[in-house]
Structure formats: C-alpha cells, structure tokens
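*Asks:* sequence? don't have it. structure:
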C-alpha cells in the first residue's frame, strides 16, 4: 500500500508541514510513503486537448496511491490558495462529467483520504465559531465528488508564532499515521447503512407500537397511519442528527 502526502502551503517547513510529516512518520514498511510539496510543481490547468505535463505527473502519483493525506492551512477562514488551485486544476481529472455537466466518481473511486489543517485562531474560538470548518468542507466536497472515502481529519489551533508541534498533537498525528498502515480497502457503504437504519427503525417501531397496542396503551384506530408517520419522522430526524455529527460538524480542537 502507498500513502501520498500532499502539502499545499507557502512553506515546506511550517506547522502544516510538520503535522503532515508526523503523520507520514507513522507509515511503516512494507507500505510506501511519499510527500509532494505543491509549490515544487508549477502546474497549470489543461486547455482542451493540451494536457498539462505537470498535472499528468501529479495525477499518476495519486493513481498509484491508496491513501492521500491532504494538508493545507486555513487562511481567512478558507482553504489555502495553493491547495484550492490544485483542486481547481485537477477538476477535469478527479471526476467524470456527463452530458449535462454533472460530476461522477471515476478512477479515484474508493481510495481513502485524511485531511489536515491549522489556523491562528484560538482553540475555544475555533470550537465555537468553526473557523477551520470551511477548509474541511472544501476538501470533503472535492473528495466526495471523486468518490474518495474519508478516514479522519486533524486540526491544530493557536499556531501564531508556533515553531514546534505540541507533543500531544505530534503523538495524535503519529497515531493516525500508524493507523494508515492497516487501512482496509472498502467501498463507501453510506447509502447501504442509511437503508439498514431505516429498516431497523421500522422494525423497532412496529414492535414497540405492537406492544403498546397489545396492552391497550394506545387506541387501535388509524394504527398503520400513526406507525408510518412515526417511522418517517423519526428516521428523518435521526438521519439529520447523524449527518450533522459525522459529516457537517468538523474537528475544531
């Protein structure tokens, strides 16, 4: 298995680079680890049939890798420009477009990624306001469109004047780097899990309301109407809560 670190930052020795290096340090043989610094690759967008050779090189590295560690700082509440520019230039290669311009996962489908960002904002402020959320959302949106499966995200706050990583954050990065050694290749079964969740709720609701009906705790009139409405409302609310805590709400500390 190969793990590819992608660094999109102004410096290759800053805090973001150190977090990425700590993650990559956890990769052990026989797995391979490679880090690319986007500033070293003067890529440009493809122009029609004229493919950019630098993007060709980067695309090949991504195709050969099983896991991507995407690292970029948060500037002005959003993803650093170098990484965003890379995503923009790679847009035609990351996804397949249909006749209406809709995007679909293509060659990168079912690869995995771990995302990293950091910011000057304090821990409490980021926890309350979610300064780094937009950076994670941008990464997630691109990766979801490409069919790449998310593993985790790492964030570091209070980076103003920071020279070395805090020991606890360094150990967290190292731990996740070690976890990458045993990533199992799997499909994204999100839809399947939501379908399973619906039938579990439907079964438990039927069992519960059946018991209530048996003990005459609820009236028998319009039983099936109440049952269907309860299942649908409960499922939608629960799915929204699960989506918020697993997708929308990002790590802030």
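*Replies:* Everything's here; your move. In this text, all values refer to a predicted model and were calculated from it rather than measured experimentally.

*Asks:* Check the burial of residue 174 by counting its neighbours.
*Replies:* 16 (other CB atoms under 10 Å). For glycine as for every other residue, the C-beta is placed from the backbone atoms N, C-alpha and C.

*Asks:* and if you look at residue 80?
*Replies:* Using other CB under 10 Å: residue 80 sits among 23 other residues.

*Asks:* Check residue 161 too.
*Replies:* Neighbour count for residue 161, taken as other CB under 10 Å: 6.

*Asks:* Which helix or which strand is home to it?
*Replies:* Taking DSSP states H and E as the definition, one finds residue 161 inside no helix or strand.

*Asks:* give me the low-pLDDT residue ranges for the stretch 51-200 of the chain?
*Replies:* Low-confidence segments of the stretch 51-200 of the chain, defined by pLDDT under 70: 185-190.

*Asks:* which stretches of it form strands?
*Replies:* 67-71, 74-75, 78-79, 95-97, 103-105, 112-118, 149-156 (DSSP state E, counting those that start in this stretch).

*Asks:* now these as CSV including distance to residue 234?
*Replies:* As requested, these are exported to CSV (distance: least, CB to CB, whole Å):
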stretch, distance to residue 234
strand 67-71, 36
strand 74-75, 37
strand 78-79, 36
strand 95-97, 35
strand 103-105, 31
strand 112-118, 32
strand 149-156, 27
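
*Asks:* Could you dump those into CSV and include distance to residue 130 and mean neighbour count?
*Replies:* Converted to CSV, the strands of the stretch 51-200 of the chain look like this (distance: least, CB to CB, whole Å; neighbours: other CB atoms under 10 Å):
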stretch, distance to residue 130, mean neighbour count
strand 67-71, 19, 26
strand 74-75, 11, 21
strand 78-79, 12, 20
strand 95-97, 27, 16
strand 103-105, 26, 15
strand 112-118, 12, 26
strand 149-156, 10, 19
